[in-house]
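> All I have is the shape, not the residue letters:
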């Protein structure tokens, strides 16, 4: 850790105001500090920060959640968080920090509190998430600040820090020039990633996401005063992978550790110290073992929604309150938590494992062993689990919303569509920006955990991207890396499937899925709702999934998107009308007619069914 002043040596931070020992936010909330981000270049830098923070919150912290913004009187996060639908409380060291966000406070969009940032006036886990920018680097007692942020958060902590593992390594040599240009430069601390992670680790948190904002020092962009040039330079660095490796300031996310915080592949073997107690907790015998009651993979609310009639679901789609309720149900599945209870022998000890992304209607066997130091593991039984046979099969992939399996529905002859072969989701990276004339490729949404889930647990081999050329500007491969094939095929939606270009695209995608080694695959557009929904409707229809279930799968996006603009009349009804005009008495037959019009042969459709349907 290094702290830099005008002469590049270590120095103490300025003393805080009377009453509170750490008051860095008073300066960052001032008009003088705001001049560092004036003009188009400054606004662009703040937008990069905003996108990084929202990206790390997306999929982890739902809309409507209560977020504490520590030292946020500058408004750099309070405004975008409020716009994104979060309930924001700003904690500042002084009433004077209120001025720059006074309009938000007076409008009731943001709550404002004055207090000690390293001894916060809040209860344990009082907030759904805690965020802070411009704080860690200017705080002498930064480890205490980390501890308080972790204490008050029931969910993740998102904060930023400049790192010496970047061009900031030459910061002492640049400090005089930086101070001469910016005039209001203060002392700041450079960190190594390991020491920040260690501080959070001491509080029981682990790193689950990190975004490097800029490869070039921010002072360079301030000196350039050219937004588009800066964006182009950073875009090139991002494409080259420099921002990911050496970007700074870093915006990181840390989440509370649990005994089962690592995703467990459904086929994984659970071997936990003294997990014999987990067998009893799950209602399973240790010898031959007996099967426990079926475990749900959907919540009661989710199941109740999908059980409604087509008309009830259709009416609900036009009701704003109902859409908010659906969004609150969430687009994630339930995970099976296997807990071991050691009391009264060792009441302080606990062990649990979370088994995530289980398949529907499947039985699992997990060999369980116990061990003591210096001895080989001893097998003590088999944990048997069975999941409820429900659809859709939602999946939890951190950072990638609207993720689910095309499988689990019933197809031809009541045969279930195989799970784990074809997934649908939102994009794994943001669209290129700006949208009207892209110059910057979209940033990845993936975290370390989501990569583990996608590559190891789900084994994705092909990434089928349905977005427009402009939306994937600068991309040449999948965000998952060179080991995953990236197939970019812009695809239409709803009534626009009838054109020659759309038919050629469907045939190309269909045949790509038939290719040896292509599966498992994930198909997506931007949000995974319209283009993806249209394609999956057609692919599922060829497997014989009933019309109402095809519509249910399309409707499942309401668990992610609460807007009543996403409704039947202006979306999927257009597709149904187009298909209704085709030959055939059933939806399957009409989609077969569409496929034939795309040049797809009956033998290819039969091959698709052989691959995708259970015996």
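Yep, it's here. Everything numeric here is computed off the predicted structure, so don't read it as measured data.
> my guess is residue 112 contacts residue 101, does it?
Yes - contact status for residue 112 versus residue 101: in contact at 7.0 Å, counting by Cβ atoms under 8 Å. Backbone N, C-alpha and C define where each C-beta goes, glycine included.
> out of those two, which sits in the busier spot?
Counting neighbours by other Cβ atoms under 10 Å for residue 112 and for residue 101 shows that residue 101 has the greater number, 25 against 21.
> returning to what we had before: common neighbours of residue 112 and residue 101, please.
Counting by Cβ atoms under 8 Å, 6 or more residues apart in numbering, the residues touching both residue 112 and residue 101 are residue 90.
> pLDDT of stretch 573-582, averaged?
Per-residue pLDDT values across stretch 573-582 average out to 96.
> list the buried ones in that stretch?
574-576, 578-579 (16 or more other Cβ atoms under 10 Å).
> Adding distance to residue 395, write the residues you listed out as CSV.
Supplementary listing: these in CSV, determined by distance: Cβ to Cβ, whole Å:
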residue, distance to residue 395
574, 28
575, 24
576, 27
578, 30
579, 28
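> just those residues now: which is nearest residue 79?
Distances from residue 79 to the buried residues of stretch 573-582, taken as Cβ to Cβ, are shortest for residue 574 (36.8 Å).
> The closest one and residue 495 touch, don't they?
Yes - with contact defined as Cβ under 8 Å, residue 574 reaches residue 495; the gap is 4.1 Å.
> ok, now which ones touch residue 109?
With contacts defined as Cβ under 8 Å, 6+ apart, residue 109 is in contact with 82, 88.
> no, scratch that, I was asking about residue 123
residue 152.
> and it, what element?
Assignment of secondary structure by DSSP states H and E places residue 123 within no helix or strand.
> pLDDT value on it, please?
At residue 123, the model reports a pLDDT of 91.
> Can you report how many residues neighbour the residue nearest to residue 361 when sequence neighbours are not counted?
Of all residues not flanking residue 361 in the chain, residue 389 sits nearest, at 3.2 Å (Cβ to Cβ, 6 or more residues apart in numbering). Applying other Cβ under 10 Å, we find 14 residues neighbouring residue 389.
> The one 3 residues further on too?
Here the number of neighbours of residue 392 (other Cβ under 10 Å) works out to 25.
> Per-residue pLDDT of it, please?
As summarised for this prediction, residue 392 has a pLDDT of 97.
> which residues does it contact?
When contacts are counted by Cβ under 8 Å, 6+ apart, residue 392 is found next to 306, 404-405, 408-409, 552-553, 556.
> Closest one of the residues you listed to residue 58?
Sorting the contacts of residue 392 by how near they are to residue 58, with Cβ to Cβ, puts residue 404 at the top with 17.0 Å.
> Next, work out how far apart that closest one and residue 20 are.
Residue 404 sits 48 Å away from residue 20, going by Cβ to Cβ, to the nearest Å.
> do residue 225 as well
Applying Cβ to Cβ, one obtains 36 Å for the distance of residue 225 from residue 20.
> of the two, who's got more company?
When neighbours are counted by other Cβ under 10 Å, residue 225 and residue 20 differ, and residue 20 comes out ahead with 17 against 13.
> wouldn't the more buried one be in contact with residue 97 here?
No - Residue 20 sits out of contact with residue 97 when judged by Cβ under 8 Å, with a separation of 11.6 Å.
> Which strands and helices lie in contact with the longest helix belonging to the chain?
With DSSP state H applied, the helix covering the greatest number of residues in the chain is identified as helix 39-57. When contacts are defined as 3 or more Cβ pairs under 8 Å, 6 or more residues apart in numbering; DSSP states H and E, helix 39-57 packs onto helix 78-83, strand 129-132, strand 157-161, strand 205-214, helix 218-224, helix 227-239, strand 248-256.
> quick check: mean pLDDT across it?
Per-region confidence: helix 39-57 scores 84 on mean pLDDT.
> How about residues contacting that helix?
36-37, 67, 76-77, 80-81, 84, 86, 129, 131, 133, 156, 158, 160, 209, 211, 213-214, 218, 221-222, 224-227, 230-231, 234, 249, 251-253, 399, 430, 443, 445.
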